[in-house]
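Here's my sequence, what's the structure:
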Amino acid sequence: MKNIQCMKGGKIFEKKNMNEKPDILCQSGVSLDLFGRNNGQFKSYPSILTNKMLVLDDKLWRDVLSQFRSYDSVWGFHFDGESIDYYPWASEYKKLRLFDVTMGYNRQLYDWITPGYLLHYVPNITNPSLRLSANNVMVMKKSVTAYKNNSEITAPVMWINGNCNAKSGRTEYMSEFMKHIDVDSWGACMRNKGDLPPDIIRIQGGKGDDFWNLNWIQAKMALSSNYLFTIAIENSLTYDYVTEKLWQPLVAGSVPIYLGARNIEDWLPCKNCIIDLRQFKTPKEAAEFVRKVATNKSLYQTYHRWRSQPVLKQFQNIINYFDYSRKYSMECIVCDMAHDINILGKNPYSNIRKILSSLNPFEWVW
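Okay, here's the model as predicted:
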(Lines give C-alpha, C1' and ligand atoms only; values in the text may rest on other atoms or scores of the structure.)
Protein backbone atom coordinates (compact mmCIF):
# COMPACT_ATOMS: atom_id res chain seq x y z
CA MET A 1 0.00 0.00 0.00
CA LYS A 2 1.13 3.55 -0.72
CA ASN A 3 0.75 6.37 1.79
CA ILE A 4 -1.09 9.44 0.48
CA GLN A 5 -0.29 12.61 2.44
CA CYS A 6 -2.71 15.46 1.86
CA MET A 7 -3.88 18.80 3.13
CA LYS A 8 -7.55 19.66 3.58
CA GLY A 9 -9.24 20.68 0.38
CA GLY A 10 -7.47 18.12 -1.81
CA LYS A 11 -4.05 19.76 -1.86
CA ILE A 12 -0.83 17.76 -1.94
CA PHE A 13 1.17 17.89 1.29
CA GLU A 14 4.61 19.41 0.76
CA LYS A 15 6.80 19.23 3.83
CA LYS A 16 8.75 22.47 4.23
CA ASN A 17 10.04 21.94 7.77
CA MET A 18 10.34 19.14 10.34
CA ASN A 19 7.27 20.26 12.30
CA GLU A 20 4.80 20.23 9.43
CA LYS A 21 2.41 17.30 9.15
CA PRO A 22 -0.31 16.42 6.67
CA ASP A 23 -3.93 17.10 7.60
CA ILE A 24 -5.08 13.75 6.23
CA LEU A 25 -3.29 10.46 5.66
CA CYS A 26 -4.77 7.80 3.40
CA GLN A 27 -3.46 4.68 1.78
CA SER A 28 -4.00 3.46 -1.74
CA GLY A 29 -3.25 0.32 -3.63
CA VAL A 30 -4.54 -2.47 -5.91
CA SER A 31 -5.90 -1.84 -9.38
CA LEU A 32 -8.77 0.37 -8.28
CA ASP A 33 -6.76 2.26 -5.64
CA LEU A 34 -9.02 1.52 -2.68
CA PHE A 35 -8.54 4.24 -0.11
CA GLY A 36 -8.25 3.54 3.60
CA ARG A 37 -7.28 5.09 6.90
CA ASN A 38 -3.69 4.72 8.07
CA ASN A 39 -4.03 4.44 11.85
CA GLY A 40 -2.30 1.21 12.66
CA GLN A 41 -5.41 -0.83 11.96
CA PHE A 42 -6.29 -0.61 8.32
CA LYS A 43 -9.93 0.06 7.60
CA SER A 44 -11.06 0.37 4.01
CA TYR A 45 -13.09 3.28 2.84
CA PRO A 46 -15.60 2.57 0.08
CA SER A 47 -13.72 5.03 -2.10
CA ILE A 48 -11.82 4.36 -5.29
CA LEU A 49 -9.71 6.07 -7.88
CA THR A 50 -9.47 4.48 -11.31
CA ASN A 51 -7.80 5.38 -14.59
CA LYS A 52 -8.06 4.62 -18.30
CA MET A 53 -6.24 1.29 -17.93
CA LEU A 54 -9.38 -0.14 -16.33
CA VAL A 55 -11.68 -0.92 -19.25
CA LEU A 56 -15.07 0.16 -17.96
CA ASP A 57 -17.11 -2.00 -20.30
CA ASP A 58 -20.85 -2.61 -20.01
CA LYS A 59 -20.42 -5.88 -18.11
CA LEU A 60 -18.15 -4.38 -15.43
CA TRP A 61 -20.42 -1.36 -15.14
CA ARG A 62 -23.61 -3.47 -14.89
CA ASP A 63 -22.42 -6.39 -12.76
CA VAL A 64 -19.94 -4.73 -10.43
CA LEU A 65 -19.57 -0.98 -10.23
CA SER A 66 -23.17 0.19 -10.55
CA GLN A 67 -24.27 -2.50 -8.07
CA PHE A 68 -21.94 -1.32 -5.33
CA ARG A 69 -22.20 2.43 -5.77
CA SER A 70 -23.49 3.74 -2.43
CA TYR A 71 -24.31 7.13 -0.93
CA ASP A 72 -21.31 7.00 1.41
CA SER A 73 -18.65 6.17 -1.18
CA VAL A 74 -16.43 8.51 -3.15
CA TRP A 75 -15.22 7.65 -6.61
CA GLY A 76 -12.71 9.48 -8.79
CA PHE A 77 -11.69 8.89 -12.39
CA HIS A 78 -8.39 10.03 -13.94
CA PHE A 79 -8.02 9.91 -17.73
CA ASP A 80 -4.72 11.13 -19.18
CA GLY A 81 -2.20 10.61 -21.94
CA GLU A 82 -4.34 9.05 -24.66
CA SER A 83 -7.21 10.14 -26.85
CA ILE A 84 -10.81 9.31 -26.03
CA ASP A 85 -11.04 7.78 -29.50
CA TYR A 86 -9.03 4.84 -28.17
CA TYR A 87 -11.06 4.58 -24.93
CA PRO A 88 -14.59 5.50 -26.07
CA TRP A 89 -16.27 4.50 -22.82
CA ALA A 90 -14.40 7.38 -21.14
CA SER A 91 -16.84 9.78 -22.79
CA GLU A 92 -20.04 7.90 -21.93
CA TYR A 93 -22.14 9.96 -19.54
CA LYS A 94 -23.85 6.89 -18.07
CA LYS A 95 -20.49 5.62 -16.85
CA LEU A 96 -18.87 8.92 -15.96
CA ARG A 97 -21.74 9.83 -13.64
CA LEU A 98 -20.66 6.94 -11.38
CA PHE A 99 -17.74 9.14 -10.35
CA ASP A 100 -17.89 12.11 -7.99
CA VAL A 101 -14.94 13.85 -9.58
CA THR A 102 -13.35 13.28 -12.99
CA MET A 103 -10.05 14.37 -14.44
CA GLY A 104 -9.01 14.38 -18.10
CA TYR A 105 -8.01 16.53 -21.04
CA ASN A 106 -11.49 17.33 -22.40
CA ARG A 107 -13.16 20.38 -20.80
CA GLN A 108 -16.55 19.32 -22.16
CA LEU A 109 -16.46 16.05 -20.21
CA TYR A 110 -14.33 16.33 -17.08
CA ASP A 111 -14.32 18.40 -13.90
CA TRP A 112 -10.60 18.93 -13.75
CA ILE A 113 -8.28 19.32 -16.72
CA THR A 114 -4.90 17.65 -17.20
CA PRO A 115 -1.95 19.45 -18.84
CA GLY A 116 -1.13 16.53 -21.10
CA TYR A 117 2.12 17.17 -22.95
CA LEU A 118 2.24 20.95 -22.61
CA LEU A 119 4.15 21.85 -19.44
CA HIS A 120 7.51 20.44 -20.55
CA TYR A 121 7.56 22.92 -23.44
CA VAL A 122 6.12 26.01 -21.72
CA PRO A 123 9.41 27.75 -20.77
CA ASN A 124 10.62 27.71 -24.38
CA ILE A 125 7.33 29.17 -25.54
CA THR A 126 6.62 31.82 -22.90
CA ASN A 127 10.10 32.93 -21.81
CA PRO A 128 11.65 35.34 -24.37
CA SER A 129 15.16 34.48 -23.18
CA LEU A 130 14.60 30.76 -23.91
CA ARG A 131 12.39 31.08 -26.97
CA LEU A 132 14.09 30.93 -30.37
CA SER A 133 14.08 34.32 -32.06
CA ALA A 134 12.88 34.73 -35.63
CA ASN A 135 16.45 35.54 -36.69
CA ASN A 136 17.84 32.39 -35.08
CA VAL A 137 15.13 30.34 -36.73
CA MET A 138 15.98 31.66 -40.17
CA VAL A 139 19.71 30.98 -39.70
CA MET A 140 18.91 27.27 -39.23
CA LYS A 141 16.88 27.10 -42.44
CA LYS A 142 18.15 26.46 -45.94
CA SER A 143 16.70 28.03 -49.04
CA VAL A 144 14.06 25.75 -50.49
CA THR A 145 16.13 25.53 -53.69
CA ALA A 146 19.09 24.16 -51.72
CA TYR A 147 17.30 21.06 -50.43
CA LYS A 148 17.94 19.08 -53.58
CA ASN A 149 21.69 19.47 -53.06
CA ASN A 150 21.66 18.19 -49.48
CA SER A 151 22.02 14.45 -49.01
CA GLU A 152 20.18 14.39 -45.66
CA ILE A 153 17.63 17.23 -45.65
CA THR A 154 16.00 16.96 -49.05
CA ALA A 155 12.60 18.62 -48.59
CA PRO A 156 11.02 21.67 -46.92
CA VAL A 157 8.69 19.44 -44.88
CA MET A 158 9.52 16.81 -42.23
CA TRP A 159 7.25 14.01 -41.06
CA ILE A 160 7.90 11.46 -38.31
CA ASN A 161 5.10 9.01 -37.58
CA GLY A 162 5.14 5.65 -35.85
CA ASN A 163 1.42 4.78 -35.72
CA CYS A 164 0.40 4.10 -39.30
CA ASN A 165 -3.20 3.23 -38.40
CA ALA A 166 -4.14 6.29 -36.34
CA LYS A 167 -7.84 7.05 -36.10
CA SER A 168 -7.21 10.51 -37.54
CA GLY A 169 -6.41 8.93 -40.92
CA ARG A 170 -3.13 10.82 -41.13
CA THR A 171 -1.31 8.13 -43.13
CA GLU A 172 -3.97 8.30 -45.82
CA TYR A 173 -3.86 12.10 -45.74
CA MET A 174 -0.08 12.15 -46.07
CA SER A 175 -0.14 9.63 -48.90
CA GLU A 176 -2.04 12.18 -50.98
CA PHE A 177 -0.22 15.24 -49.60
CA MET A 178 3.18 13.82 -50.57
CA LYS A 179 2.14 13.53 -54.21
CA HIS A 180 2.19 17.32 -54.45
CA ILE A 181 5.17 18.44 -52.34
CA ASP A 182 8.48 16.92 -51.24
CA VAL A 183 8.38 15.52 -47.70
CA ASP A 184 11.21 13.85 -45.77
CA SER A 185 9.60 10.99 -43.84
CA TRP A 186 11.86 9.69 -41.05
CA GLY A 187 9.30 7.54 -39.24
CA ALA A 188 7.90 4.06 -39.68
CA CYS A 189 5.11 5.19 -42.00
CA MET A 190 5.93 5.80 -45.66
CA ARG A 191 9.59 6.26 -44.76
CA ASN A 192 11.69 7.59 -47.61
CA LYS A 193 14.88 8.38 -45.65
CA GLY A 194 17.78 6.20 -44.57
CA ASP A 195 19.73 6.53 -41.33
CA LEU A 196 19.40 9.68 -39.27
CA PRO A 197 22.05 12.38 -39.90
CA PRO A 198 25.21 11.84 -37.78
CA ASP A 199 24.64 14.99 -35.69
CA ILE A 200 21.11 13.81 -34.82
CA ILE A 201 22.42 10.36 -33.87
CA ARG A 202 24.90 12.05 -31.51
CA ILE A 203 22.10 14.05 -29.87
CA GLN A 204 19.98 10.91 -29.61
CA GLY A 205 22.83 8.99 -28.00
CA GLY A 206 23.02 6.21 -30.56
CA LYS A 207 21.15 4.49 -33.36
CA GLY A 208 17.87 2.64 -33.01
CA ASP A 209 14.34 3.39 -31.91
CA ASP A 210 14.57 2.56 -28.20
CA PHE A 211 12.47 5.49 -26.99
CA TRP A 212 13.13 4.91 -23.28
CA ASN A 213 16.91 4.63 -23.43
CA LEU A 214 17.70 7.17 -26.14
CA ASN A 215 17.25 10.92 -26.13
CA TRP A 216 14.73 10.71 -28.93
CA ILE A 217 12.71 13.82 -28.03
CA GLN A 218 15.70 16.16 -28.28
CA ALA A 219 16.89 14.40 -31.42
CA LYS A 220 13.48 14.77 -33.04
CA MET A 221 13.35 18.48 -32.19
CA ALA A 222 16.89 19.04 -33.47
CA LEU A 223 15.94 17.34 -36.72
CA SER A 224 12.75 19.40 -36.95
CA SER A 225 14.72 22.64 -36.55
CA ASN A 226 16.33 22.03 -39.97
CA TYR A 227 12.97 22.09 -41.74
CA LEU A 228 10.71 24.95 -42.75
CA PHE A 229 7.68 22.86 -41.76
CA THR A 230 6.91 19.81 -39.63
CA ILE A 231 3.81 17.65 -40.03
CA ALA A 232 1.80 17.74 -36.79
CA ILE A 233 -1.23 15.52 -37.32
CA GLU A 234 -2.59 14.05 -34.09
CA ASN A 235 -3.59 10.41 -33.52
CA SER A 236 -7.21 11.55 -33.34
CA LEU A 237 -9.23 14.66 -34.08
CA THR A 238 -10.97 15.22 -30.75
CA TYR A 239 -11.82 18.28 -28.70
CA ASP A 240 -8.96 19.59 -26.52
CA TYR A 241 -6.61 16.76 -27.54
CA VAL A 242 -3.32 18.60 -28.17
CA THR A 243 -0.01 16.77 -27.84
CA GLU A 244 3.72 17.20 -28.31
CA LYS A 245 3.17 17.02 -32.05
CA LEU A 246 2.25 20.70 -31.90
CA TRP A 247 4.57 21.91 -29.12
CA GLN A 248 7.82 20.33 -30.37
CA PRO A 249 8.03 22.04 -33.78
CA LEU A 250 6.92 25.37 -32.29
CA VAL A 251 9.79 25.20 -29.80
CA ALA A 252 12.26 23.89 -32.41
CA GLY A 253 11.54 26.70 -34.87
CA SER A 254 9.63 24.76 -37.52
CA VAL A 255 6.12 25.77 -38.58
CA PRO A 256 3.64 23.03 -37.60
CA ILE A 257 1.33 21.80 -40.34
CA TYR A 258 -1.45 20.92 -37.95
CA LEU A 259 -4.55 18.75 -37.88
CA GLY A 260 -5.96 17.58 -34.59
CA ALA A 261 -8.07 19.22 -31.90
CA ARG A 262 -11.24 20.70 -33.37
CA ASN A 263 -10.74 23.73 -31.11
CA ILE A 264 -6.99 24.17 -31.60
CA GLU A 265 -7.41 27.96 -31.65
CA ASP A 266 -8.19 27.78 -27.90
CA TRP A 267 -4.72 26.34 -27.23
CA LEU A 268 -2.43 28.31 -29.50
CA PRO A 269 0.12 30.63 -27.83
CA CYS A 270 0.35 32.78 -30.93
CA LYS A 271 -1.47 34.11 -33.96
CA ASN A 272 -0.53 32.89 -37.43
CA CYS A 273 2.03 30.38 -36.18
CA ILE A 274 0.65 27.16 -37.67
CA ILE A 275 -0.71 26.02 -41.00
CA ASP A 276 -4.17 24.70 -40.14
CA LEU A 277 -5.08 21.86 -42.48
CA ARG A 278 -8.78 22.40 -41.77
CA GLN A 279 -8.56 25.48 -43.99
CA PHE A 280 -8.01 23.38 -47.11
CA LYS A 281 -10.51 21.23 -48.97
CA THR A 282 -7.99 18.60 -50.05
CA PRO A 283 -4.41 17.49 -49.28
CA LYS A 284 -3.45 18.74 -52.75
CA GLU A 285 -4.74 22.23 -51.97
CA ALA A 286 -2.85 22.22 -48.66
CA ALA A 287 0.38 21.06 -50.33
CA GLU A 288 0.13 23.78 -52.95
CA PHE A 289 -0.24 26.42 -50.24
CA VAL A 290 2.72 25.05 -48.26
CA ARG A 291 4.83 25.10 -51.42
CA LYS A 292 3.83 28.74 -51.98
CA VAL A 293 4.92 29.70 -48.45
CA ALA A 294 8.14 27.68 -48.74
CA THR A 295 9.22 29.61 -51.83
CA ASN A 296 8.39 33.06 -50.46
CA LYS A 297 10.79 34.07 -47.69
CA SER A 298 8.79 37.13 -46.62
CA LEU A 299 5.59 35.11 -46.40
CA TYR A 300 7.33 32.32 -44.48
CA GLN A 301 8.74 34.79 -41.95
CA THR A 302 5.24 35.94 -41.03
CA TYR A 303 4.76 32.57 -39.32
CA HIS A 304 7.58 33.46 -36.90
CA ARG A 305 6.56 37.02 -35.96
CA TRP A 306 5.04 35.69 -32.76
CA ARG A 307 8.54 34.98 -31.47
CA SER A 308 9.03 38.68 -30.69
CA GLN A 309 5.58 39.07 -29.11
CA PRO A 310 3.97 38.09 -25.79
CA VAL A 311 1.96 34.88 -25.84
CA LEU A 312 -1.79 35.27 -26.26
CA LYS A 313 -3.80 35.94 -23.11
CA GLN A 314 -5.83 32.77 -23.57
CA PHE A 315 -2.62 30.70 -23.57
CA GLN A 316 -1.31 32.46 -20.46
CA ASN A 317 -4.63 31.67 -18.77
CA ILE A 318 -4.12 28.00 -19.54
CA ILE A 319 -0.63 28.12 -18.02
CA ASN A 320 -2.00 29.90 -14.94
CA TYR A 321 -4.61 27.17 -14.59
CA PHE A 322 -2.05 24.36 -14.67
CA ASP A 323 0.36 26.21 -12.36
CA TYR A 324 -2.44 26.50 -9.82
CA SER A 325 -3.95 23.04 -10.25
CA ARG A 326 -0.64 21.22 -9.79
CA LYS A 327 -1.00 21.92 -6.05
CA TYR A 328 -3.83 19.37 -6.04
CA SER A 329 -4.03 15.70 -6.93
CA MET A 330 -6.91 13.39 -7.70
CA GLU A 331 -5.67 11.10 -4.92
CA CYS A 332 -5.85 13.90 -2.36
CA ILE A 333 -9.28 15.05 -3.51
CA VAL A 334 -10.69 11.53 -3.17
CA CYS A 335 -8.88 11.09 0.14
CA ASP A 336 -10.28 14.38 1.44
CA MET A 337 -13.84 13.51 0.41
CA ALA A 338 -13.55 10.02 1.93
CA HIS A 339 -12.27 11.58 5.15
CA ASP A 340 -15.24 13.94 5.31
CA ILE A 341 -17.68 11.04 5.01
CA ASN A 342 -16.01 8.34 7.09
CA ILE A 343 -14.32 10.35 9.85
CA LEU A 344 -16.30 13.56 10.13
CA GLY A 345 -19.66 12.27 8.94
CA LYS A 346 -19.99 15.28 6.65
CA ASN A 347 -21.43 15.67 3.19
CA PRO A 348 -18.32 16.24 1.06
CA TYR A 349 -19.99 17.64 -2.03
CA SER A 350 -20.09 21.28 -1.03
CA ASN A 351 -16.36 20.99 -0.36
CA ILE A 352 -15.62 19.36 -3.72
CA ARG A 353 -17.65 22.04 -5.51
CA LYS A 354 -15.55 24.63 -3.72
CA ILE A 355 -12.34 22.85 -4.75
CA LEU A 356 -13.37 22.59 -8.39
CA SER A 357 -14.42 26.23 -8.41
CA SER A 358 -11.04 27.27 -7.00
CA LEU A 359 -9.30 25.29 -9.75
CA ASN A 360 -10.56 27.76 -12.34
CA PRO A 361 -9.60 31.16 -10.86
CA PHE A 362 -9.24 32.99 -14.17
CA GLU A 363 -10.99 33.61 -17.46
CA TRP A 364 -10.63 30.36 -19.35
CA VAL A 365 -13.65 29.73 -21.57
CA TRP A 366 -15.46 26.49 -20.72
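
Can you name the residues that contact the residue nearest to residue 270 when sequence neighbours are not counted?
In space, residue 270 comes closest to residue 306 once its chain neighbours are excluded; the distance is 3.3 Å by Cβ to Cβ, 6 or more residues apart in numbering. In short, each C-beta sits where N, CA and C put it, glycine included. For residue 306, the contact set (Cβ atoms under 8 Å, 6 or more residues apart in numbering) comprises 269-273.

right, and the pair among these with maximum separation?
For the contacts of residue 306, with distances taken as Cβ to Cβ, the pair at the greatest spread is 269 and 272 (11.7 Å).

Settle it for me: which of the two has more neighbours?
Legend: neighbour count by other Cβ atoms under 10 Å for residue 269 and residue 272, higher for residue 269 (24 against 13).

Check the secondary structure at that one for me.
Using DSSP: H, G, I helix; E, B strand; the rest coil as the criterion, the local structure at residue 269 reads coil.

How about the contacts made by it?
125-126, 250, 306, 311-312, 315.

Out of these, which sit inside helices?
Where the contacts of residue 269 overlap with helices, as defined by DSSP state H, the overlap consists of 125-126, 250, 315.

The residues you listed into TSV, with extra columns for distance to residue 208?
Compiled in TSV, the ones in helices among the contacts of residue 269 are given as follows (distance: Cβ to Cβ, whole Å):
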residue	distance to residue 208
125	30
126	34
250	27
315	36
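
Just the buried ones out of the residues you listed, please.
By neighbour count, with 16 or more other Cβ atoms under 10 Å, these hold 125, 250, 315 as buried.

which stretches of the stretch 1-150 of the chain form strands?
Along the stretch 1-150 of the chain, the segments classed as strands by DSSP state E, counting those that start in this stretch run 2-7, 11-12, 24-28, 34-37, 43-51, 74-78, 101-104, 112-113.

buried sites along stretch 176-190?
Neighbour-count burial for stretch 176-190 flags 177-178, 180-187, 189 (criterion: 16+ other Cβ under 10 Å).

Quick one: end-to-end length of it, please.
End-to-end span of stretch 176-190 (Cα to Cα, to the nearest Å): 12 Å.

could you dump the ones in helices among the contacts of residue 269 to CSV with pLDDT and distance to residue 81?
Formatted as CSV, the ones in helices among the contacts of residue 269 follow (pLDDT from 0 to 100; distance: Cβ to Cβ, whole Å):
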residue, pLDDT, distance to residue 81
125, 98, 21
126, 96, 23
250, 98, 20
315, 94, 22
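
sorry, back to before: among the buried residues of stretch 176-190, which ones are in helices?
Using DSSP H, the members of the buried residues of stretch 176-190 that fall in helices are residue 177.

Backbone dihedrals for the nearest residue to residue 141 once chain neighbours are set aside, please?
Taking Cβ to Cβ, 6+ apart, and ignoring the residues beside it in sequence, residue 141 has residue 228 as its nearest neighbour in space, at 5.9 Å. For residue 228, the backbone dihedrals (degrees, to the nearest 10) come out as phi -60, psi -40.

can I assume residue 228 is in contact with residue 256?
No: using Cβ atoms under 8 Å as the test, residue 228 is too far from residue 256 to be in contact (11.2 Å).

With residue 27 as the reference, measure out to the residue lying closest to residue 114 once chain neighbours are set aside.
Computed as Cβ to Cβ, 6+ apart, the closest residue to residue 114 that is not its neighbour in sequence is residue 80, at 4.6 Å. Shown here: residue 80 relative to residue 27, a distance of 22 Å by Cβ to Cβ, to the nearest Å.

of these two, who's got more company?
Neighbours around residue 80 and residue 27, counted as other Cβ under 10 Å, are more numerous at residue 27. The numbers are 18 against 13.

May I ask you to confirm that the more buried one is in contact with residue 5?
No: using Cβ under 8 Å, residue 27 is not in contact with residue 5; the gap is 10.4 Å.

I'd assumed residue 333 was in a helix, is it?
Yes: according to three-state DSSP, the state of residue 333 is that of a helix.

Quick one: low-confidence residue ranges for the stretch 201-350 of the chain.
Per-residue confidence of the stretch 201-350 of the chain (counting by pLDDT under 70) places the weak regions at 209-212, 342-345, 348.

Can you show me the strands along it?
Across the stretch 201-350 of the chain, reading from the start of the chain, the strands by DSSP E, counting those that start in this stretch fall at 229-233, 255-259, 275-276.

coming back round to it: could I get the contacts of residue 306 in CSV, plus columns for distance to residue 300?
Converted to CSV, those look like this (distance: Cβ to Cβ, whole Å):
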residue, distance to residue 300
269, 19
270, 15
271, 16
272, 11
273, 12
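
Just give the nearest non-adjacent residue to residue 253, would you?
Here the nearest residue to residue 253 in space, its sequence neighbours aside, is residue 137; by Cβ to Cβ, 6+ apart that works out to 3.9 Å.
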